[in-house]
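1. whatever this is, show me its structure:
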Amino acid sequence: MLDALTLDHLRMLIAVAEEGSFSGAARRLGRVQSAVSQAMQGLEQTLDLALFDRSARKPVLTEAGTTILAEARQVVDRAHALRAHAGTIAAGDEPELTLSVDPLFPNHVMMESLRALRNAFPLMPVTMITEGLGGPEQSLRDGTVRFAIYALMATRAKDLHAEQLTEVEMVPVVATSHPLASAPEPVSRDIVEAQTQLVLIDRSPLTLNTSNNVFSTRIWRFADIATRLDYLLAGFGWCHMPTWLIEDHIREGRLKRLRLVQSSGRKVAMHVVRQPGQRLGPASQWLVEDLRWRLRDGT
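-> This is a model prediction of the structure:
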């Protein structure tokens, strides 16, 4: 019986409820009153519910009718959104914006651009994955995402289309409570080697050997940068971190920037990467350009 339920029934239900009468709904919809009345009777039979109390001069929604009305509005709104989204796809927009982002990329910049994207493309479904090292490239090659933003140096892939988006400054830091914080600078190689280094690991087979960034003989490995930051702040070791993520901790005295014999910091280039021949759709292009603008503006 539910197959007899149509959007037209739901639109009539909404009109009757908002106009307060079958005649008012008929005028609003350009129908005859008898058609609206019969449609509401048919809807009640289909749902096996009394939606209106007809004992008064004007129909009044029952408790069940009030509940169904709220759901009817959601269904009609979703149908309108579906039609509008189909129109944007027909006009050349991508059906969905999917991307993978390295967590080294500044979160605050990405969030502001995604917020602006929601206003510019309100009907565009967005799926974002955050994953480090070789993870973004793996998602790109698997077809999970249309493009990725990450440090191409992690895999040094030659067969992908890449455009540099920005550089992220990485600096060696340690908790001010850690013994390394009081070592004379530049901190010598033997002192650094004796301390625990907190290193990010990657289960992707695409990532090249990154041992050139490992200076300590003792290593703790972390799957995500947020957990590594927690252990860094707790004084379990030292590591390189993006300045945007730890500058507040340095300013407020929780972390200290180190100057090592091996390293005082480095810049990591972040690229927008896509498969060759895979063009970015209008929404994806808009997002990348908005990111460029915010990065230039220092937002």
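2. what's near enough to touch residue 158?
-> Not one residue lies near residue 158 by C-beta atoms under 8 Å, 6 or more residues apart in numbering. Backbone N, C-alpha and C define where each C-beta goes, glycine included.
3. could you list the low-pLDDT ranges of the protein?
-> Within the chain, the segments meeting pLDDT under 70 span 1-4, 80-93, 154, 203-212, 298-299.
4. give me the most central residue, the protein.
-> residue 128 (3.9 Å; C-alpha atoms, centre = their mean).
5. you'd agree residue 148 is up against residue 140?
-> Yes - assessed by C-beta atoms under 8 Å, residue 148 is found in contact with residue 140 at 4.6 Å.
6. residue 280 and residue 274 touch, don't they?
-> Yes - with contacts counted by C-beta under 8 Å, residue 280 reaches residue 274, the gap being 6.6 Å.
7. overlap of the contact sets of the two?
-> Counting by C-beta under 8 Å, 6+ apart, the common neighbours of residue 280 and residue 274 are 146-147.
8. about what we covered before: among residue 148 and residue 140, which residue is more densely surrounded?
-> The neighbour count for residue 148 versus residue 140, taken as other C-beta atoms under 10 Å, is higher for residue 148 (28 against 24).
9. what strands line up against the strand ranked longest in the chain, and which way round?
-> Secondary structure assigned by DSSP state E gives strand 161-175 as the longest strand of the chain. Sheet pairing for strand 161-175, assigned by DSSP bridges, gives strand 238-242 (antiparallel), strand 255-257 (antiparallel), strand 266-274 (antiparallel).
10. right, and the helix or strand after it?
-> Counting by DSSP states H and E, the next helix or strand C-terminal to strand 161-175 is helix 189-193.
11. C-terminal to that following helix, what's the next element?
-> Heading C-terminal from helix 189-193 (DSSP H and E), you reach strand 196-200.
12. give me the buried positions along that next one.
-> Neighbour counts over strand 196-200 (16 or more other C-beta atoms under 10 Å) mark 196-200 as buried.
13. now the angle from that strand to strand 161-175?
-> Following axes from the mean of the first three to the mean of the last three C-alpha atoms, to 10 degrees, one obtains 150 degrees for the angle between strand 196-200 and strand 161-175.
14. what is strand 196-200 packed up against?
-> Contact here means 3 or more C-beta pairs under 8 Å, 6 or more residues apart in numbering; DSSP states H and E; on that basis strand 196-200 packs against strand 218-222, helix 225-233, strand 238-242.
15. can you rerun that using 6 Å?
-> Helices and strands touching strand 196-200, by 3 or more C-beta pairs under 6 Å, 6 or more residues apart in numbering; DSSP states H and E, are strand 218-222, helix 225-233.
16. most neighbours per residue, which of the ones you listed?
-> Mean neighbour counts were compared across these using mean count of other C-beta atoms under 10 Å; the top stretch is helix 225-233, at a mean of 17.
17. gap between that helix and the chain center?
-> Computed by C-alpha atoms, centre = their mean, to the nearest Å, the chain-centroid distance of helix 225-233 equals 22 Å.
18. stretch 13-29 too?
-> The answer for stretch 13-29 is 41 Å, by C-alpha atoms, centre = their mean.
19. tell me how far the ends of that stretch are from each other?
-> End-to-end distance of stretch 13-29 (C-alpha to C-alpha, to the nearest Å): 11 Å.
20. so what touches that stretch?
-> Residues from elsewhere that reach stretch 13-29 (C-beta atoms under 6 Å, 6 or more residues apart in numbering): 33, 36-37, 58, 61, 69, 72.
21. and these, which of them are buried?
-> By 16+ other C-beta under 10 Å, the contacts of stretch 13-29 give 36-37, 61, 69, 72 as buried.
22. can you tell me which of those is closest to residue 289?
-> residue 72 (40.0 Å; C-beta to C-beta).
23. where does that closest one land in three-state SS?
-> The three-state label given to residue 72 by DSSP: H, G, I helix; E, B strand; the rest coil is helix.
24. chain neighbours aside, what residue packs nearest to it?
-> Among residues not flanking residue 72 along the chain, residue 10 sits closest, at 4.1 Å (C-beta to C-beta, 6 or more residues apart in numbering).
25. checking my notes, the one you found in a helix, right?
-> Yes - counting by three-state DSSP, residue 10 falls inside a helix.
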